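> Attaching a predicted model along with its sequence, questions to come.
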2 protein chains.
Amino acid sequence: MEDLRDDRDSWTSENCSVARAMDIVGSRSTVLIMREALLGTRRFDDFVRRVGVGEPAMAARLKEMVAAELLERIPYREPGQRTRHEYQLTRKGRELLPVITALRNWGDTWTAADTGPSIVATHHDCGEPIRAVLRCAAGHEIADGDIDIIAGPGLVRRD
Amino acid sequence: MEDLRDDRDSWTSENCSVARAMDIVGSRSTVLIMREALLGTRRFDDFVRRVGVGEPAMAARLKEMVAAELLERIPYREPGQRTRHEYQLTRKGRELLPVITALRNWGDTWTAADTGPSIVATHHDCGEPIRAVLRCAAGHEIADGDIDIIAGPGLVRRD
DNA sequence: GCGCTGACTTCAGCATACGCAAGTCAGATC
DNA sequence: GATCTGACTTGCGTATGCTGAAGTCAGCGC
C-alpha cells in the first residue's frame, strides 16, 4: 500500500477534515466554552463568568455554536422563576471530548504551571487518570512511527 | 472522592491547560501548519503551497511556532545548492498528533464532504484505521459517563 | 404597574489575522 | 559581475474577535 507522504504533491488539501473542523471550533473562546460545557455549564451568565469572556463576545459565540449544532438552546423553568433558556451539548458537541482532552493532556505536559494541573479526569470505575491516545480499530496501541497515510474516497489528486 | 462538577463555583479556571494550549495552537493556520508538518512538510514554500496561506502570514506563523518550540529551524544543504533552513517538528510539536487526529476524526464524522474523508491514517502493522480515543492509565476504555473530575495540585479554589 | 434580574443587544474602539502586490537579500551558477 | 531562486519582508486594506460601558426586554413578585 502506497503511503501518501511519499508523493505529497500528487494530492491536495482540499476536502480536509481538520480545516473544516477548525472552521467550527477554531477560536480560543469556542474551545473554552466547550471546556465549560463538557464540565456541565449551561447558562449564559455562568459561561460569561467561568470562561472569562465579555457578554457581547459570549452571545456571539453561543449563537454561532447553536447554528453549528454544537449546542442546543433549550427553554427551562425553575419554580417561581420565569422561563429561561440554557445551552445543552448536542451529540456533535459532546463528541469533541477527545479533542479537548488531548488538548488538556498536551497543555498539562508542555505548558504546565509550576503548581501542576488544576484538574484531572479520572475513570469512575478504577480512579486512574484518563488520556487521549491513538488506537487502531483492531485495538493496538499506536507508537510514533507506526502510522501509514493512505487515500480515502474523498482524496483530490493532482495530475 | 468529590467530583468538582458538583460545586463548579468553588474553583476557578485560572491555570487551565486547555486555555494555555489554545494560546499556542489556537489559530486556524497554526493547526493546518501542524497538520502539514506531521505529514512530513518542512520547507517554507511547501508550507505556503500546501496550507494555502500567504507568504507574510506563513512567515509570521512559523516564527511564532519556532518561538513556541513546536518547530525547530534547521540549516540544511542540498548538493550544488546554498545553505537553507527547514522547519522540523520538535518532540513538543510531534506530541500534538493526538490533538490533530482527534480533530480529523471529528471532522470526518461531523463535517464530512459527501465524497468521504480525503485521507485515512492506518496502523502500519495491521492496516486498521487509527482513532484518538480516551483510555485510563489502567488500560480501560472510557465510555461517555465514566469520567470523574477531581482536583489536581494546581487547582485554584475560591472561598 | 413597578422594580428586579437574567439574558441579552448596541455602540464605539482596539488588536490580531489574513489577503494581495511588490520589494529585498544571499549565495550558487554562469 | 549578472542572473536566478527560495525565503522571506514591507506596505497596504479588510475582516474578525474582543473589551467596556450602557441600554433593552421579558416576565415574576409585590
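Good, I have the coordinates. Since the structure is predicted, the reported quantities are computational estimates derived from the model, not experimental observations.

> Could you tell me the end-to-end distance of stretch A:40-48?
Start-to-end span of stretch A:40-48 (CA to CA, to the nearest Å) is 14 Å.

> Buried residues of that stretch, list them for me.
A:Thr41, A:Arg42, A:Phe44, A:Asp46, A:Phe47, A:Val48 (16 or more other CB atoms under 10 Å in any protein chain shown). In this view, the C-beta of every residue, glycine as well, is placed from N, C-alpha and C.

> do the same with stretch A:77-96
Going by neighbour count (16+ other CB under 10 Å), the buried part of stretch A:77-96 is A:Tyr87, A:Leu89, A:Thr90, A:Lys92, A:Gly93, A:Glu95, A:Leu96.

> Pretty sure the third one sits against A:Ile74.
No: taking CB atoms under 8 Å as the contact criterion, A:Thr90 and A:Ile74 are not neighbours in contact, 10.5 Å apart.

> Flag every buried residue along stretch A:132-152.
A:132-136, A:140, A:142, A:146-149, A:151-152.

> just these now: which is nearest B:Trp110?
A:Gly152 (15.7 Å; CB to CB).

> Now do the same for the residue nearest the centre of chain A: its pLDDT.
In chain A, the residue lying closest to the centroid (CA atoms, centre = their mean) is A:Leu96, at 3.5 Å. Listed pLDDT for A:Leu96 reads 97.

> what residues are up against it?
By CB atoms under 8 Å, 6 or more residues apart in numbering or on different chains, the contact list for A:Leu96 reads A:Val25, A:Met34, A:Leu38, A:Leu70, B:Trp106.

> which among those are in contact with DNA strand C?
The subset of these within reach of DNA strand C, by CB under 7 Å from any atom of the strand, is empty.

> give me every residue that touches A:Met22.
Here A:Met22 is in contact with B:Arg28, B:Val31, B:Leu32, B:Leu103 (CB under 8 Å, 6+ apart).

> Assign a three-state SS to it, would you?
Secondary structure state of A:Met22, per DSSP: H, G, I helix; E, B strand; the rest coil, is helix.

> Same check on A:Glu86?
Following three-state DSSP, the label given to A:Glu86 is strand.

> Quick check: beta-bridge partners of it?
Beta bridges link A:Glu86 to A:Ile74, judged by DSSP bridges.

> re the thing from before, of all the contacts of A:Leu96, which comes closest to A:Asp9?
Of all the contacts of A:Leu96, A:Asp9 sits closest to B:Trp106, with 27.3 Å by CB to CB.

> okay, now that closest one: neighbour count?
Other residues lying near B:Trp106 total 23 when counted by other CB atoms under 10 Å in any protein chain shown.

> repeat for the one 10 residues further on
Residues near B:Gly116, counting by other CB under 10 Å, number 14.

> what does A:Asp114 give?
A count of nearby residues for A:Asp114, using other CB under 10 Å, gives 6.

> before we move on, the earlier item: could I get the buried residues of stretch A:77-96 as CSV with secondary structure?
Output for the buried residues of stretch A:77-96, formatted as CSV (three-state DSSP):
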residue, secondary structure
A:Tyr87, strand
A:Leu89, strand
A:Thr90, coil
A:Lys92, helix
A:Gly93, helix
A:Glu95, coil
A:Leu96, coil
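
> Check those and tell me the two furthest apart.
Largest pairwise distance in the buried residues of stretch A:77-96, by CB to CB, is 16.4 Å, between A:Tyr87 and A:Glu95.

> residues in chain A within reach of DNA strand D, list them.
So far as CB under 7 Å from any atom of the strand goes, chain A lies against DNA strand D at A:27-29, A:52-57, A:60-61, A:80-83.

> out of these, which one sits closest to chain B?
When these are ranked by distance to chain B (CB to the nearest CB), A:Arg28 comes first, at 4.5 Å.

> isn't that closest one right up against B:Val25?
No: judged on CB under 8 Å, A:Arg28 makes no contact with B:Val25 at a distance of 10.0 Å.
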